[in-house]
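Student: give me a 3D structure for the following:
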Amino acid sequence: MDFKQSVVTALAAVLKDQMDEAAITNLVETPKSSDLGDYAFPTFALAKVYRKAPVTIAQDLVSQIDATPFEAVKAVGGYVNFFLNKVSFAHQVLTDIAEQGEHFGDQQLGSGNVPIDMSSPNIAKPMSMGHLRSTVIGNALANILTKVGYSPIRINHLGDWGTQFGKLIVAYKLWGSEEAVKTDPISNLLEYYVRFHEEAETQPELNDEARAWFKKLEDGDEEATRLWSWFREESLKEFNRIYAMLDIDFDSYNGEAFYNDKMDGVIATLEHEHLLKESQGAEIVDLSQYDLNPALIKKSDGATLYMTRDLAAAIYRHDTYNFVQSLYVVGNEQREHFEQLKAVLKEMGYDWADDIHHIPFGLITSGGKKLSTRKGNVILLERVLNDAIQLAKDQIATKHPDLANADQVAHEVGVGAVIFHDLKNERLDSFDFNLEEVVRFEGETGPYVQYTNARAHSILSKTSVQPAPEVGLTDESAWEILKQLADYPNVIARAARIYEPSVIAKYALRLAKAFNQYYANTKILIDDAELPARLALVQSTTQILTNALGLLGVAAPEEM
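Tutor: Residues are numbered from 1 along each chain as shown. Have a look, this model is predicted:
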């Protein structure tokens, strides 16, 4: 079902001596107004070949093109405009969706394993709104890549190692108690961590103590290891409760600590390749040929860094998964780090470094301010999700007070609203978070799309007539919906190619808007010859809205 290809084929038949199909495909576009057709071919590129004005070329082409498959082919200015046959188009689109269901839009754009480094919260700190983007973008990309043939591997690269544990151990020993941590682990550990940074501003020697404790942890000190294990275990309980709310699972929780015994091999390879150089007591890899700052491999005190671990992790993932791509869904501020990572891997002789892709994203702010655990400016993700669920529950109580499964729907709507709001924004855009706007049932929100889907289900429930896509649909007002439905596979392909879930979210909004306009202007349930076809249109809309929301990790309740 490639209607654009039918246009390309018709043009290729008369342009075979001047332009191949690939060139024609690149030129065919979608007009801004449906009055100008469904596809348009600009003739300006042919002016030099034919030595004629584009207007004349367009008229000549129209006289030669076989218009049989189309409703009309017209010359307008320097364009050849194609109007698709609406009845056959509707029949084909609705039949395909009815037959393929959730598999409509499945494609084979590639195959093979794709590890996705995502979420990656730090142990002993609460999951904040700052963790939301990596988590939901990574999950959506995994769903989208599955749809186009790949096998994603969701990896939660936990921040369970590093100097912050030295800081936390010092803070716990100075101001903490076992009883307090057992009562409310994350809140108290966060309090200790924030206090450490406040106290260290006037007592810089605390930083020296923290570095010493982290070195003990690296050397396997019994007390340091016991405290670290305890902090990690308590944190994972908290994280998994929130992941359950988001309905997100992981294939691996191998975090930074997992690579402790794998870094010596990395350093040995760097030494063997004569890549390590000394700089002010530290060991670096010079990346000046890549116009990058040097990659710091070891500090002057011998402690390893993020780069050392990420090199070990990249090598381990390639050896373990034999990946065709490896994605890192990490904030835009880490762009240089991943450029350095790829450059060092190339210097080590790993050509597969080119298959590593950093998937950057912008910030979520609150009141225009960046969220920071260190400074205590943190918005807890679990609290946001619970507040969103409550807001959804309040609106459902007003709109549908007798809804049977109101609590479950409120959860799906509230959590879905938070996820959708994140994903409708292009990855690299930063945005300020306002919960009341996010959970509105009107406007460009997740609940608006969900409510549209529930409305469509409600229409289907009011009749015993069965949808029948084979019945001809001549309804002009359905045309915008039909074109949106047909475009779904192309939307998925584009989202996969550019690693951009917002392409799917924006599509869901467009389809929901088109359906609501149709619903407002058309009496769908009139018992006439085309009722089964109109119902097939409604059913196809619910199917694709459900599919699109599912790719984003958002539920599609049938009642709201």
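
Student: just give me the neighbour total for residue 369.
Tutor: By other C-beta atoms under 10 Å, the residues close to residue 369 number 11. Every C-beta, even on glycine, is put in place using the N, C-alpha and C of the backbone.

Student: where's the residue most central in space within the chain relative to residue 330, distance?
Tutor: What sits nearest the mean C-alpha location of the chain, by C-alpha atoms, centre = their mean, is residue 137, with 3.1 Å. Note on residue 137: its distance to residue 330, by C-beta to C-beta, to the nearest Å, is 10 Å.

Student: shared neighbours of those two, which are they?
Tutor: With contacts defined as C-beta atoms under 8 Å, 6 or more residues apart in numbering, the residues adjacent to both residue 137 and residue 330 are residue 359.

Student: shouldn't residue 285 be in contact with residue 293?
Tutor: No: the pair residue 285 / residue 293 is not scored as a contact, 10.5 Å apart, by C-beta atoms under 8 Å.

Student: could you say which helix or strand contains the residue lying closest to residue 542 once chain neighbours are set aside?
Tutor: Leaving out its chain neighbours, the residue that sits closest to residue 542 by C-beta to C-beta, 6 or more residues apart in numbering is residue 456, at 4.4 Å. Assigned by DSSP states H and E, residue 456 falls within helix 446-461.

Student: okay, now the domains of this protein?
Tutor: 3-84, 381-552 (automatic domain parsing).

Student: adding distance to residue 340, mean pLDDT and mean neighbour count, write these out as a markdown table.
Tutor: Shown next, in a markdown table, are the domains of the chain (distance: least, C-beta to C-beta, whole Å; pLDDT from 0 to 100; neighbours: other C-beta atoms under 10 Å):
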| stretch | distance to residue 340 | mean pLDDT | mean neighbour count |
| --- | --- | --- | --- |
| domain 3-84 | 36 | 94 | 16 |
| domain 381-552 | 20 | 95 | 19 |
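
Student: which one of the ones you listed lies nearest to residue 102?
Tutor: The closest of these to residue 102 is domain 381-552. By C-beta to C-beta, the value is 5.8 Å.

Student: what about the closest one, start to end distance?
Tutor: 18 Å (C-alpha to C-alpha, to the nearest Å).

Student: please shift the residue numbers so they start at 36 in all later answers.
Tutor: Yep, numbering from 36; the last one is domain 416-587 now.

Student: assign residue 110 to helix, strand or coil.
Tutor: Put simply, residue 110 is strand when judged by DSSP: H, G, I helix; E, B strand; the rest coil.

Student: give the bridge partners for it, please.
Tutor: Here residue 110 sits in beta bridges with residue 115, going by DSSP bridges.

Student: surely it touches residue 89?
Tutor: No: Residue 110 is beyond contact range of residue 89, at 9.8 Å (criterion: C-beta under 8 Å).

Student: ok, which stretches of the stretch 436-585 of the chain are strands?
Tutor: 466-467 (DSSP state E, counting those that start in this stretch).

Student: okay, helices next: where are they in it?
Tutor: 441-459, 470-473, 481-496, 514-532, 537-556, 566-587 (DSSP state H, counting those that start in this stretch).

Student: got phi/psi on the residue lying closest to residue 53 once chain neighbours are set aside?
Tutor: Closest residue in space to residue 53, ignoring its immediate chain neighbours: residue 84 at 5.4 Å, by C-beta to C-beta, 6+ apart. Main-chain torsions, residue 84, degrees, to the nearest 10: phi -70, psi -50.
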